[in-house]
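Novice: coordinates only, sequence not included:
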């Protein structure tokens with residue numbers, strides 16, 4: 001776990017948000033902290049390219065405690081056994097107003113990914129919590145694929161991770177889930193009622209569900225062709 005002290009205070013010269021960013025801001029609201037914007041950087045890249053995000057927050061009042069950001073790689077759609085927590089950072093103290101910081105982490109450990117799941121679609125999940133209470137999760141679909149035509153058509157039984165390309169599918173609306181938390185409680189230990197409220201009863205979600213994930217998996221050859229076109233024409237730094 002790292003503690004980030006360099007949090008930039010933003011003035012009112014922010015770039016106008018896109019429709020996806022407006023959606024994020026409208027869903028991640030009704031709390032002391034709103035996630036106004038998430039810039040997905042280092043996209044596209046290779047399997048071993050670090051994940052990097054530019055995150056803009058709006059705090060409605062000073063926070064006496066840190067915000068905790070965790071990035072998790074979902075290694076398999078069938079089980080949590082292959083989930084990898086890539087990094088957790090503490091951000092704070094945070095004063096009222098707009099703030100921006102950059103969150104960077106190493107890619108997942110390839111030795112912990114099943115061979116059958118190396119190439120295909122997975123998910124990265126950005127969780128944000130305050131005093132050990134998660135109040136929002138933002139998920140993106142991630143595709144790992146062989147750019148080489150021969151490897152794409154005849155994928156090796158033993159994955160060649162050094163040959164895999166990575167594309168975070170930011171053209172799809174991210175899956176966003178918001179939870180109600182107690183921002184003012186004195187103890188970091190939640191009661192059973194708190195846990196039912198925060199973890200078991202999300203307030204609002206986007207419509208992306210597992211059915212869409214299954215569709216992507218079943219149409220992976222077509223998706224790989226489309227993604228290769230995106231890689232060929234994409235900017236290498238910011239999306």
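Specialist: Structure's in. What do you need? Only a predicted model underlies this, so the values are computations on that prediction, with no experimental measurement involved.
Novice: Now do the strands in the chain.
Specialist: Along the chain, the segments classed as strands by DSSP state E run 2-4, 8-10, 33-41, 45-46, 51-59, 67-74, 84-91, 97-105, 120-130, 133-146, 164-168, 175-178, 204-205.
Novice: Out of these, which gets nearest to residue 184?
Specialist: The closest of these to residue 184 is strand 120-130. By CB to CB, the value is 10.4 Å. For the C-beta atoms, the positions are set from N, CA and C on the backbone; glycine is no exception.
Novice: hang on, the earlier thing: what would the strands of the chain look like in CSV with distance to residue 112?
Specialist: Listed next are the strands of the chain as CSV, based on distance: least, CB to CB, whole Å:
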stretch, distance to residue 112
strand 2-4, 21
strand 8-10, 34
strand 33-41, 23
strand 45-46, 18
strand 51-59, 16
strand 67-74, 9
strand 84-91, 6
strand 97-105, 15
strand 120-130, 12
strand 133-146, 14
strand 164-168, 15
strand 175-178, 23
strand 204-205, 28
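Novice: Tabulate those (a markdown table), appending distance to residue 158 and mean neighbour count.
Specialist: Listed next are those as a markdown table, based on distance: least, CB to CB, whole Å; neighbours: other CB atoms under 10 Å:
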| stretch | distance to residue 158 | mean neighbour count |
| --- | --- | --- |
| strand 2-4 | 34 | 12 |
| strand 8-10 | 44 | 12 |
| strand 33-41 | 30 | 20 |
| strand 45-46 | 18 | 16 |
| strand 51-59 | 25 | 20 |
| strand 67-74 | 20 | 21 |
| strand 84-91 | 20 | 16 |
| strand 97-105 | 26 | 18 |
| strand 120-130 | 15 | 20 |
| strand 133-146 | 13 | 21 |
| strand 164-168 | 13 | 22 |
| strand 175-178 | 32 | 20 |
| strand 204-205 | 38 | 14 |
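Novice: would you list the ones you listed in CSV and tack on distance to residue 152 and mean pLDDT?
Specialist: Formatted as CSV, those follow (distance: least, CB to CB, whole Å; pLDDT from 0 to 100):
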stretch, distance to residue 152, mean pLDDT
strand 2-4, 37, 58
strand 8-10, 41, 51
strand 33-41, 24, 94
strand 45-46, 15, 98
strand 51-59, 23, 96
strand 67-74, 22, 97
strand 84-91, 25, 97
strand 97-105, 27, 95
strand 120-130, 12, 96
strand 133-146, 4, 96
strand 164-168, 10, 97
strand 175-178, 27, 92
strand 204-205, 33, 52
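Novice: closest one to residue 114 among these?
Specialist: Closest to residue 114 of the strands of the chain is strand 120-130 (CB to CB; 10.4 Å).
Novice: for that closest one, packing partners?
Specialist: When contacts are defined as 3 or more CB pairs under 8 Å, 6 or more residues apart in numbering; DSSP states H and E, strand 120-130 sits against strand 33-41, strand 67-74, strand 133-146, helix 210-218, helix 220-233.
Novice: That strand pairs with which strands, and in what direction?
Specialist: strand 67-74 (antiparallel), strand 133-146 (antiparallel) (DSSP bridges).
Novice: which stretch among those strands comes nearest residue 50?
Specialist: strand 67-74 (10.7 Å).
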